[in-house]
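Asker: What follows is a predicted structure for the sequence shown.
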Amino acid sequence: MSKVARRPFITDVSIEKSIQILADPNVSYKLLYWDIFSVGATSRELLAYGNVKWSNERIPISSDEQDKEDPWEDGKIPTPFGVVPVLKIVSPENEEVIVAESMVIEQYLAKKFNLLGNNEWETLTINALYSNIHFFLERALTKMTWVIPERRKRGLEIFLKHFLPEFIADHEMHLKANGSNGFYVGDRLSLADIHLANVIDHFAHLPVAHLIMPSFEKSELISKVRANVENHPSIAAWRASEEWESLRQGSFVCYKKTAPPAEDLQAFATKEE
Ligand SMILES: N[C@@H](CCC(=O)N[C@@H](CS)C(=O)NCC(=O)O)C(=O)O
């Protein structure tokens with residue numbers, strides 16, 4: 001049985017000290033997450049974009065082998081809610097502040113690296129787009145990936161018929177309104193652009209990618225956002241690294257086991273409403 005462990009935010013590092021660490025320009029960062037892209041991908045890419053000192057703390061995906069050690073399932077990796085990602089902000093003295101929940105981590109890093117716009121209107125708009133992109137991924141994960149195998153096919157069917165086309169139409173409308181320049185807001189990258197590219201990457205690594213990706217690839221406006229993100233020099237360097245490639249391979253392996261299977265699903269892609 002799983003013994004996934006918990007830990008509180010408050011530890012022997014005092015709150016006063018934690019506030020000091022957060023204000024310290026010399027901190028480094030560790031991102032605790034599985035050996036895959038998924039919900040950790042945007043935070044990693046934000047850290048790469050920020051050109052800060054950071055590293056991955058990678059949790060190996062659970063093995064099928066019975067006696068293999070599994071530090072996550074064995075309760076050796078405590079987190080505030082028994083889930084990851086968790087961001088560790090580490091002082092030069094090696095004291096840590098823990099940030100939990102992917103949206104909180106991503107918005108924290110985006111603010112730090114000036115990816116939330118130039119004024120309050122831009123910030124609100126970027127955050128709204130970001131939240132909508134986030135819940136699109138969340139819905140896909142909860143309706144067709146992390147569900148019992150018997151429900152996955154039905155989840156995929158609903159995703160392909162409703163969630164996906166509606167998401168693309170909404171986001172094309174917003175991208176067009178900003179001048180079809182491949183940015184959601186203004187003429188520079190924001191949290192929304194980076195999250196969109198990473199959420200689409202998640203779908204590209206599912207066994208059913210061939211049913212999902214053509215819809216994204218057909219959209220010129222969405223493809224422009226992906227290109228703007230991928231071509232940013234710091235992000236391009238991260239995506240060219242061996243570590244990024246190994247996380248990519250990990251995503252294929254993980255989703256082969258957990259996501260809807262590719263077999264017998266072609267019909268869903270072509271079925272009329
Ligand atoms: N609300 C959390 C959800 C994170 C989440 O569900 N993480 C999954 C992996 S994608 C997890 O850690 N699951 C724990 C487990 O499988 O034992 C967030 O957004 O950070």
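Answerer: Perfect, I can see it now.
Asker: Tell me which stretches of this protein form helices.
Answerer: 15-23, 41-49, 102-112, 120-140, 149-158, 164-177, 191-204, 209-218, 220-230, 233-239, 242-258, 266-270 (DSSP state H).
Asker: Out of those, the one nearest W34 is which?
Answerer: helix 242-258 (7.2 Å; C-beta to C-beta). Yep, even glycine has a C-beta here, placed from its N, CA and C like the rest.
Asker: Run the angle between that closest one and helix 41-49 for me.
Answerer: 180 degrees (axes from the mean of the first three to the mean of the last three C-alpha atoms, to 10 degrees).
Asker: by contact count, what packs against helix 242-258?
Answerer: Packed against helix 242-258 by the contact rule (3 or more C-beta pairs under 8 Å, 6 or more residues apart in numbering; DSSP states H and E) you find strand 54-59.
Asker: redo that, cut-off 6 Å
Answerer: Helix 242-258 sits against no helix or strand, with contacts defined as 3 or more C-beta pairs under 6 Å, 6 or more residues apart in numbering; DSSP states H and E.
Asker: related to what we said a few turns ago, for the ligand, which of the helices of the chain is the nearest?
Answerer: Distance to the ligand, taken as C-beta to the nearest ligand atom, is lowest for helix 102-112 among the helices of the chain, at 3.5 Å.
Asker: which outside residues touch that closest one?
Answerer: With contact meaning C-beta atoms under 6 Å, 6 or more residues apart in numbering, helix 102-112 is reached by 39, 42-43, 46, 85, 87, 99, 116, 134, 191.
Asker: circling back: kindly reformat the helices of the chain as TSV containing distance to F9, mean pLDDT and mean neighbour count.
Answerer: As requested, the helices of the chain are exported to TSV (distance: least, C-beta to C-beta, whole Å; pLDDT from 0 to 100; neighbours: other C-beta atoms under 10 Å):
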stretch	distance to F9	mean pLDDT	mean neighbour count
helix 15-23	9	98	13
helix 41-49	18	98	25
helix 102-112	11	98	20
helix 120-140	22	97	18
helix 149-158	34	86	16
helix 164-177	33	98	15
helix 191-204	23	98	24
helix 209-218	37	97	16
helix 220-230	31	98	17
helix 233-239	29	98	15
helix 242-258	27	92	15
helix 266-270	43	49	12
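Asker: returning to that earlier point: looking at the contacts of helix 102-112, which one is closest to V52?
Answerer: L46 (9.5 Å).
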